[in-house]
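# Quick check, what structure comes out for this input:
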Amino acid sequence: MALDDINRLRLFVAIVDAGSLSSAARALGIGLPVASRKLRQLETALGVRLLQRTTRRQALTEEGRLLHQYAVDLLADLDQMEQQLLRKSATVSGPLRMTMPVSLGRRRIAPLLAEFCALHPQLSLQIELADSVVDLVSAGMDLAIRFGGLDDSSYVSQPLAPNHRVLCASPGYLQRHGEPRSPAELAQHRCLVIGTSPQTEWRLDDTSVRIAAHMTANDGDVVHQWAVDGYGIALKSILDVGEDLASGRLRRVLGGHRLPATPLHAVYPHKRHVAPRVRACIAYLAPRLQALANVEGTEPLAHPSRVP
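Residues are numbered from 1 along each chain as shown. Below is the predicted model of the structure:
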């Protein structure tokens with residue numbers, strides 16, 4: 001598509017949005033005769049009439065409505081492409097405010113963000129660790145790292161890394177208490193639960209198993225340490241316990257059974273133009289979090305670092 005064609009499409013969209021040819025011409029800073037000529041050229045090139053015009057009003061033809069629908073999307077895509085090309089040379093700088101779960105943030109993401117800031121000295125970082133869901137707009141946050149997707153259409157949810165969950169316990173615990181051979185046998189074991197209620201359910205395969213927790217805590221790090229210290233069986237993210245499994249500090253329990261996966265996502269307010277620092281941060285975190293998550297055959301997500 002030639003540049004003149006793009007400019008004629010921009011003029012046409014401006015005419016529809018402004019409600020008149022003269023208003024669109026003023027908004028675009030061109031003369032009325034020039035605007036009128038460009039509109040005629042567009043209609044001639046397409047071989048259809050786009051607007052029914054009188055001295056008092058204008059109305060879109062059916063062909064005009066169809067073109068307007070496509071032109072708005074096309075011009076938005078072109079604008080986005082232009083911004084992406086400009087950001088290639090943009091400096092990653094300015095304030096970056098982020099929120100993320102406490103345990104994941106402390107153990108995994110905060111060290112990566114420190115490395116990211118070292119690469120971009122003009123960046124200033126502020127993170128808030130919270131297991132509750134923070135409203136990004138009211139809290140003035142640029143970016144959140146969360147497990148699972150979102151239903152709120154006012155935010156963009158971009159997959160960062162896979163995250164399957166595992167049941168795990170220390171070798172010492174399993175030596176003392178034996179290893180469960182089926183999900184039902186979990187009821188006879190000492191289970192460590194993140195939360196505030198001693199009664200919960202763990203879902204394995206397509207079956208929910210009722211768990212009476214031996215010990216509970218509202219902090220994932222506490223439950224993690226209890227499991228390493230041999231106090232019971234915990235249900236944890238592979239991002240939390242991958243290194244413990246690799247080192248032998250923890251062992252998988254009921255590894256042949258499937259547990260629900262909750263992929264890790266980057267979440268940010270819905271904006272046409274995302275700040276370069278947000279894009280750069282997502283692109284930096286994605287492959288590193290994938291590497292942490294890709295334990296025992298976990299498949300990486302497709303293009304997790306591409307920000308729309």
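
# ok, Leu174 - how many residues close by?
Counted by other Cβ atoms under 10 Å, the residues lying close to Leu174 total 18. Using the backbone N, CA and C atoms, a C-beta is placed for each residue, glycine as well.

# Isn't it up against Leu250?
No - applying Cβ atoms under 8 Å as the test, Leu174 and Leu250 come out as separate, 9.8 Å apart.

# And for Ser103, nearest residue in space, chain neighbours not counted?
Spatially, and ignoring its direct neighbours in sequence, Ser103 is nearest to Gly220 (3.5 Å; Cβ to Cβ, 6 or more residues apart in numbering).

# residue contacts, the nearest residue to Gly31 once chain neighbours are set aside?
Distance criterion Cβ to Cβ, 6+ apart; nearest residue to Gly31, sequence neighbours excluded, is Ala25 at 6.5 Å. Taking Cβ atoms under 8 Å, 6 or more residues apart in numbering, we find Ala25 in contact with 31-32, 34-35.

# Ala25 sits in which helix or strand?
According to DSSP states H and E, Ala25 maps onto helix 21-28.

# Go through that helix and flag the buried ones.
By 16 or more other Cβ atoms under 10 Å, the buried positions in helix 21-28 come out as 21, 24-25, 28.

# which regions of the protein sit below the pLDDT cut-off?
1-3, 54-55, 84-90, 149-153, 271-273, 295-308 (pLDDT under 70).

# Name the residue closest to the centre of it, please.
Nearest to the geometric centre of the chain sits Gln158, at 2.5 Å (Cα atoms, centre = their mean).

# Mind listing the residues bridging to it?
When bridges are called by DSSP bridges, Gln158 pairs up with Ala266.

# okay but it is in contact with Ile282, surely?
Yes - the pair formed by Gln158 and Ile282 meets the contact definition of Cβ under 8 Å, at 6.5 Å.

# And the residue nearest to Gly31, how far from His68?
Ala25 sits 18 Å away from His68 when distances are taken as Cβ to Cβ, to the nearest Å.

# So Gly242 is in contact with Ala291, correct?
No - here Gly242 does not reach Ala291: they are 9.6 Å apart, not a contact under Cβ under 8 Å.

# Between those two, point out the one with more neighbours.
Gly242 (21 against 12).

# How far off centre is the helix or strand containing that one?
Using DSSP H and E, the element containing Gly242 is helix 238-247. Computed by Cα atoms, centre = their mean, to the nearest Å, the chain-centroid distance of helix 238-247 equals 24 Å.

# so what secondary structure elements neighbour it?
Applying 3 or more Cβ pairs under 8 Å, 6 or more residues apart in numbering; DSSP states H and E, one finds that helix 238-247 contacts helix 102-104, strand 165-169, helix 220-228, helix 276-293.

# now with 7 Å?
Other helices and strands packing on helix 238-247, by 3 or more Cβ pairs under 7 Å, 6 or more residues apart in numbering; DSSP states H and E, are strand 165-169, helix 220-228, helix 276-293.

# List the buried residues in it.
Buried residues in helix 238-247, counted by 16+ other Cβ under 10 Å: 238-242, 244-245.

# of the residues you listed, closest to Ser154?
For the buried residues of helix 238-247, the closest approach to Ser154 (Cβ to Cβ) belongs to Leu239, at 27.0 Å.

# Tell me how far the closest one lies from Leu245.
Distance, Leu239 to Leu245, using Cβ to Cβ: 11 Å.

# got it, and Glu63?
From Glu63 to Leu245 the distance is 62 Å (Cβ to Cβ).

# Gly148: how many residues sit nearby?
For Gly148, the neighbour count with other Cβ under 10 Å is 13.

# what about the closest residue to it other than its chain neighbours, which SS state?
Distance criterion Cβ to Cβ, 6+ apart; nearest residue to Gly148, sequence neighbours excluded, is Thr262 at 4.7 Å. Under DSSP: H, G, I helix; E, B strand; the rest coil, the three-state class of Thr262 is coil.

# any idea how far Asp49 is from Ala18?
Careful, residue 49 is Arg and not Asp. 19 Å.

# Apologies, that question was intended for Leu289.
Per Cβ to Cβ, Leu289 is found 46 Å from Ala18.

# before we move on, the earlier item: and the residue nearest to the centre of the chain, how far is that from Ala266?
5 Å.

# Could you do Ala217 as well?
From Ala217 to Ala266 the distance is 27 Å (Cβ to Cβ).
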